[in-house]
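> task: produce atomic coordinates for the following.
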Amino acid sequence: RAVSNRAPPPPPPPAEGDGEEGEAPPPPAEPKPTPKPMPEAFEFCKKLVLQHSLKGVEGHVDLFSHSDVQLFTNYITTSYMHHYKLYQYVAAHDQELDKHSVTLFVNTAFPPPPPPPPLPPPPPPP
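Prediction:
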């Protein structure tokens with residue numbers, strides 16, 4: 001039997017009159033954004049890269065150099081877009097919490113011994 005480590009669902013909101021006076025109701029949960037299809041996401045990515053690298057583009061922010069754009073574009077086309085559907089799935093679905101705990105025992109050194117008593121003064125010369 002699989003055991004889920006997910007947090008239990010939040011308790012239902014109290015009925016009117018159950019809460020303390022002046023207590024505001026919790027804000028509604030934000031809906032998850034609808035994922036974009038891959039071609040639309042790629043076009044959006046291209047638009048942002050151009051906007052942040054080319055002078056003269058509307059809303060230009062000089063952020064990326066030509067070599068930065070080459071590296072970024074290479075990564076997007078060879079890796080990120082190949083796994084786009086996986087990233088969509090992971091972002092859109094709640095994942096089980098896989099929580100592990102480990103107890104560590106650390107040996108510590110004993111405290112140092114007290115210093116020796118001071119030496120007696122030398123005897124006077126004869």
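
> same question for stretch 72-83: list its buried residues.
72, 76, 81 (16 or more other Cβ atoms under 10 Å). Where C-beta positions appear, they are placed from N, C-alpha and C, glycine not excepted.

> make CSV from these and add pLDDT, distance to residue 50 and secondary structure to it.
Below are these laid out as CSV (pLDDT from 0 to 100; distance: Cβ to Cβ, whole Å; DSSP: H, G, I helix; E, B strand; the rest coil):
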residue, pLDDT, distance to residue 50, secondary structure
72, 89, 11, helix
76, 90, 13, helix
81, 88, 17, helix
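
> and residue 47, what element?
According to DSSP states H and E, residue 47 maps onto helix 38-51.

> other residues contacting that helix?
Outside of helix 38-51, the residues within contact range by Cβ atoms under 8 Å, 6 or more residues apart in numbering are 36, 57-61, 64, 69, 72-73, 76, 81, 84-85.

> helices or strands next to the helix or strand containing residue 89 in the packing?
In this assignment (DSSP H and E), residue 89 forms part of helix 84-92. Applying 3 or more Cβ pairs under 8 Å, 6 or more residues apart in numbering; DSSP states H and E, one finds that helix 84-92 contacts helix 38-51.
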